[in-house]
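In: Sharing a model prediction with you, sequence too.
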Amino acid sequence: MATQYIPEMSHKYFDQFIAEYTKEEDLIHKINSDNGIATGIDEEFKTLFKLIPNAFKESDFKIYNIFNDVAESNLNTNRGASAGLIDRDLDNWSKKDDAYKVKHVYKEKSKYALGRSTENGKSNYSISNPVNSQMIGYYDKADMNVRRYIKNPPKCRLTSYSNSNFEKLKDVEPYVNKISRLLKEHSPVHYEKHKKFLVNKEKIGNSVFTTLTINKNFQTAIHTDSGDYKEGIGVISCMGDFEGGDFCLPNYKIQIKLKPTDLLFVNVHRHHTNLPITSGNRISCVSYIREHINKCDDLVNYKIYIKNINEDLIEYLKENGVSSSRIYITDNNNCLRFDGVNVLDRDSNEFFTSFTPVLHFNKIQPIPDDKSFVEYIVDKFTDLYKNETNGEDWNENYFTINIPETDSISTLISYKTASIEKNIRSWEKLGYNVNVYSYNNLPGCLNANLICENGDLYYFAVNLLRKKETIFLAEDMLLLNRIPQREIIISSENNRSNNASPCLGILKIPMNHNFLRDVSKFLNKNPNITENKRRFERGIKYFALAKHIVTPSYFCKVNRIYSKSIFEDYDLYKEQPSKYELNIPLENSFKNCIGLRCYNINTIPHENSLYSRLFASVAFEP
């Protein structure tokens, strides 16, 4: 049974205590999970909090080290009032680059913020006391440091930490998915609000959350959360061995003891704070939705094509959440968007490329009751991308879906074509048309100067994709399977230690993507082409494309120290001693691979070699 709590004073009047701390002796209502689920409602009979005991098991805390790394990766000076009253003598300031200016230059803009100016004095923004706190997941504001490179940076992006550590975000997903399931079980109204808000939008895993804020030993001062979805609810969990840190709603005189096995749903738009952490290490995780994530681009791109104008069908689609900009009709054999944009204008940024899935409508039939129309479309597209399939789906009397394939592969070579003959044969056997470019006037090669003059590999690849609907593929890649039908693919098979460094092994991006236009510009501006790899990686970060970087295992990664022995007798290959304590890659580890980087392509393979087993169809053809 829920208990109603009445605030001590109006919430607006209570703002006077923002950035200050509450005292435990001032709190009247002591709540913990010993007596089961505890629920509080506010003066408007809305959910104030709900405490769920025994929500987690010990196995759920395997990600402690990841959360610890997240929180310690940065001393955040952007936590506003929650970081407390400005204190220029805090030890953490000494760890920041601007410690001297904090002490002697920056002026107070408010009781919890300093005004920080850049060296040229052109910008001034606020900073708060530095604390161990970091966001992961998705953010609904453009990176302010990107605008000098990119005219219109994406508004929705991965947070800085997630963009650099995308694989760690994947490891966190099961924990967040569980929190989402618990929200559905214990607060279904809020769950449905979150779910509806995030239809076709970025979210963490299969959850109904876009973002996590991870704190370590951070005693938050009195504050309210800004930027959170106002109709949603914040979800707080914690882990570690600690004492103290109880969650408080000071205007309601409430103190909640939150244990690592507990989960707390709370209205974070009411003033809240924490008591001091008296011992140990406390990691807290706040799961929520960013307020403006629904104003960002849709997660799945698609167009709906209606051959014959049908006003009822168009009205039905619009009533079910489909934007008119996604509906296409024919008018005198011209393909027009429903709002009048001529989609045959290839110079227009409004044009959908051939990568874009198309829905062909015939007539209206009911959508399943448990999903909205857009949810239904998104689910189907997601299944098709996951299974890398192409063609028709659903009942043909309702509508069909098609994801067009890209049938062209292009590459750039600097030496004789015979050295990559087996590679090209493997591409052609899978049904691709192959274009080989060179700057060295090699026989049978296209002139690379037609794409860009005197370009290095990165500049060439980016400009190639700007001009042609093709896939750029490194010359030393043999293909075992067709490249997936995804709109964007950036490979990482030639990676650094983090296993997710973008490179040009395989690059597939729609022609009109702003990434190609803007990255091409800042590659072209730099006369030192040795910097282009770094600049390309920077562009991946700026455009938040980390989620498209596929891991090395996807590409049958073989360490260079084994690149010769894969051509030898497989039985002897398996029995060789391990080199440098690195595992010997065996045939069963390549079952789902796209291809293989071959550094010794001119080697004649043994008929029982690993290479021959994988690529028998291309290895022995005359």
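Out: Thanks, I have the structure now.
In: Give me the pLDDT value at T261.
Out: What the model reports for T261 is a pLDDT of 94.
In: got a list of what it touches?
Out: S33, P53, N54, A55, F56, K57 (CB atoms under 8 Å, 6 or more residues apart in numbering). Backbone N, C-alpha and C define where each C-beta goes, glycine included.
In: Partner strands of whichever strand or helix holds E243 and their direction?
Out: Assigned by DSSP states H and E, E243 belongs to strand 242-244. In the sheet, strand 242-244 lines up against strand 277-280 (antiparallel) (DSSP bridges).
In: outside of the partner strand, which residues touch it?
Out: Contacts of strand 277-280 (CB under 8 Å, 6+ apart): N217, Q219, G240, D241, F242, E243, G244, G245.
In: surely the fourth one meets N281?
Out: Yes - using CB atoms under 8 Å, D241 is in contact with N281, at 6.9 Å.
In: between these two, which one's more packed in?
Out: The neighbour comparison of D241 against N281 (other CB atoms under 10 Å) goes to N281, with 14 against 9.
In: wait, isn't that one in contact with N215?
Out: No - using CB under 8 Å, N281 makes no contact with N215, being 11.1 Å away.
In: Name whatever forms a beta bridge with S110.
Out: A113.
In: Pull the number of nearby residues for it.
Out: 15.
In: same deal with L182?
Out: Applying other CB under 10 Å, I find that L182 has 18 neighbouring residues.
In: What of S410?
Out: S410: 23 neighbours (other CB under 10 Å).
In: can you pull out the helices in the protein?
Out: Under the criterion DSSP state H, helices of the chain are mapped to 11-14, 64-72, 99-104, 160-164, 166-186, 188-197, 311-319, 373-387, 421-429, 457-467, 514-524, 532-542, 570-575, 610-619.
In: Deepest in the core, which of these is it.
Out: helix 457-467 (a mean of 22; mean count of other CB atoms under 10 Å).
In: Packing partners of it?
Out: strand 408-413, strand 471-473, strand 506-508, helix 514-524, helix 532-542 (3 or more CB pairs under 8 Å, 6 or more residues apart in numbering; DSSP states H and E).
In: I'd like to know which of these lies nearest to N92.
Out: Closest approach to N92 among these is made by helix 532-542 (26.4 Å; CB to CB).
In: okay, the helices and strands packed on helix 457-467 in a markdown table with mean pLDDT and distance to K422 next?
Out: Shown next, in a markdown table, are those (pLDDT from 0 to 100; distance: least, CB to CB, whole Å):
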| stretch | mean pLDDT | distance to K422 |
| --- | --- | --- |
| strand 408-413 | 93 | 13 |
| strand 471-473 | 94 | 14 |
| strand 506-508 | 91 | 18 |
| helix 514-524 | 82 | 30 |
| helix 532-542 | 83 | 27 |
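In: In CSV: the ones you listed, plus distance to K253.
Out: As requested, the helices and strands packed on helix 457-467 are exported to CSV (distance: least, CB to CB, whole Å):
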stretch, distance to K253
strand 408-413, 67
strand 471-473, 63
strand 506-508, 58
helix 514-524, 52
helix 532-542, 46
